[in-house]
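Colleague: After the sequence you'll find the predicted model.
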Amino acid sequence: MTDDQRRDDDTDAVEAASGETTLTADIDLDRAIEALLMVADEPQSVMGLATALNVPVKQISAAIERLVDDYDGVTGSIRRGFELREVGGGWRVYVREDYDDVVAAYVSEQNPSKLSQAALETLAVIAYRQPISRGAIASIRAVNVDSVVRTLLGRGLITEVFTDSETGAINYGTTDLLLQQLGINSLDELPPISPLLADGSEGFDDDVR
């Protein structure tokens with residue numbers, strides 16, 4: 001059996017099992033698919049959409065083609081800031097590539113996800129004691145900081161500054177992104193740390209800001 005024959009069999013199976021559509025007369029198929037794609041976390045296959053809406057696969061495929069043309073401005077409508085893209089064996093709504101920078105700036109600056117308390121404390125240690133190794137950070141915080149350091153690296157708030165030639169330990173420092181998030185121009189603008197500590201030291205040298 002060829003791939004085309006298998007697809008035809010699958011299509012026939014869905015169409016045979018579909019029976020009456022779950023869509024009422026006043027609900028447009030294109031808009032129904034659009035609504036499902038808007039809330040889906042993963043690409044949706046044509047077969048999956050056909051099953052969810054209880055309509056034949058051919059109708060789903062035709063509707064998707066219309067949506068693609070609609071979003072691309074082919075059918076006379078305006079070209080949208082998003083597009084319907086086929087990836088991983090399914091369809092999903094994506095930001096159009098032209099607007100990637102706009103969305104990235106909004107996500108990182110206007111609506112940043114919050115760091116955990118552990119991440120904030122580790123970030124503070126690095127900011128005031130950089131360059132500093134992971135072992136030194138752990139010694140100050142008295143906890144394992146491996147996962148937190150990975151998180152901060154992933155967020156782009158810290159970076160690897162150098163590797164100690166004798167111990168092989170990687171030393172970390174903060175990035176310009178952190179300065180942007182804090183709204184300062186340099187680390188010299190960080191507030192003095194001593195007044196914020198209970199005894200004026202707690203793991204930090206007396207001369208640290």
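Modeller: Thanks, I have the structure now.
Colleague: what's Ile89 sitting at in phi/psi?
Modeller: For the record, residue 89 is Gly, not Ile. With angles defined as degrees, to the nearest 10, Gly89 shows backbone torsions of phi 80, psi 10.
Colleague: Without its sequence neighbours, what residue ends up closest to it?
Modeller: Leaving aside its chain neighbours, Gly89 sits nearest to Ser45 (5.8 Å; criterion: CB to CB, 6 or more residues apart in numbering). C-betas here are computed from N, CA, C, even on glycine.
Colleague: Which helix or which strand is home to Gly173?
Modeller: Under the criterion of DSSP states H and E, Gly173 resides in strand 170-174.
Colleague: And the contacts of that strand?
Modeller: Contact partners of strand 170-174, identified using CB atoms under 8 Å, 6 or more residues apart in numbering, comprise 123, 126-127, 130-134, 137, 149, 157-164, 187.
Colleague: Pairing partners for it, with directions?
Modeller: With DSSP bridges as the test, strand 170-174 is paired with strand 132-133 (antiparallel), strand 158-163 (antiparallel).
Colleague: Off-centre distance for the last one?
Modeller: Put plainly, it is strand 158-163. 24 Å (CA atoms, centre = their mean, to the nearest Å).
Colleague: what's the answer for stretch 155-171, then?
Modeller: Centroid displacement of stretch 155-171 relative to its chain, using CA atoms, centre = their mean, is 26 Å.
Colleague: Just the endpoints, please. Distance across it?
Modeller: Chord length of stretch 155-171, first to last residue, is 17 Å (CA to CA, to the nearest Å).
Colleague: domain assignment for the protein?
Modeller: When the chain is parsed into structural domains using automatic domain parsing, the resulting residue ranges are 3-100, 117-196.
Colleague: Could you dump these into a markdown table and include distance to Tyr106 and mean neighbour count?
Modeller: Listed next are those as a markdown table, based on distance: least, CB to CB, whole Å; neighbours: other CB atoms under 10 Å:
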| stretch | distance to Tyr106 | mean neighbour count |
| --- | --- | --- |
| domain 3-100 | 10 | 14 |
| domain 117-196 | 14 | 15 |
